[in-house]
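A.B. asks: no sequence on this one, just coordinates:
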């Protein structure tokens, strides 16, 4: 059913973009965190997305027969990775985490980059909502033909 496949694709996009927004929020929240459980300052995180290739009808039938999940296509999160760029050094000898020279390692979170990422994720989320609404309208028109 193409309708359900389209719903699955749009739903995967909504889920992926929501996770991107969650990670951006986490990065912004921790932009001044100089101490973490792993030691050292907070490291910026990014979401890695990849296309999820749809299975053919035959592959879907085999997957169902084996009790496996059926891939309808869309997007999936392949991982959340930490940014390995250098930390920012800020001179503040009174800070409890300052080194012997008086410098504090600050997180590698750039607020401008996070705002740009949030805007991109928000736009992609909105595009998925628009696609979902168009899908609803097309389905409703299709049901009206049968009346």
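C.D. replies: Thanks, I have the structure now. Keep in mind the model is a prediction, meaning the values are calculated, not measured. Residues are numbered from 1 along each chain as shown.

A.B. asks: mind checking how far the helix or strand bottoming out on mean pLDDT in the chain is from the chain centre?
C.D. replies: Lowest by mean pLDDT, DSSP states H and E among the helices and strands of the chain is helix 57-66, with a mean of 75. Relative to its chain's centre, helix 57-66 lies at 29 Å (Cα atoms, centre = their mean, to the nearest Å).

A.B. asks: And it, what's buried?
C.D. replies: residue 60 (16 or more other Cβ atoms under 10 Å). From N, CA and C alone the C-beta is placed, and that goes for glycine too.

A.B. asks: name the helices or strands packed onto the longest helix along the chain?
C.D. replies: Longest helix in the chain, counting residues (DSSP state H): helix 111-145. Contact analysis of helix 111-145 by 3 or more Cβ pairs under 8 Å, 6 or more residues apart in numbering; DSSP states H and E lists helix 2-29 as its packing neighbours.

A.B. asks: Which pLDDT value belongs to the residue most central in space within the chain?
C.D. replies: Per Cα atoms, centre = their mean, the C-alpha nearest to the average position across the chain is that of residue 20, at 2.7 Å. Residue 20 is assigned a predicted lDDT (pLDDT) of 97.

A.B. asks: looking at this, residue 46 is in a strand?
C.D. replies: Yes. Assessed with DSSP: H, G, I helix; E, B strand; the rest coil, residue 46 lies in a strand.

A.B. asks: What number of residues are in the vicinity of it?
C.D. replies: Using other Cβ atoms under 10 Å, residue 46 is surrounded by 16 other residues.

A.B. asks: Compute the distance between it and residue 141, please.
C.D. replies: Relative to residue 141, residue 46 is positioned 40 Å away (Cβ to Cβ, to the nearest Å).
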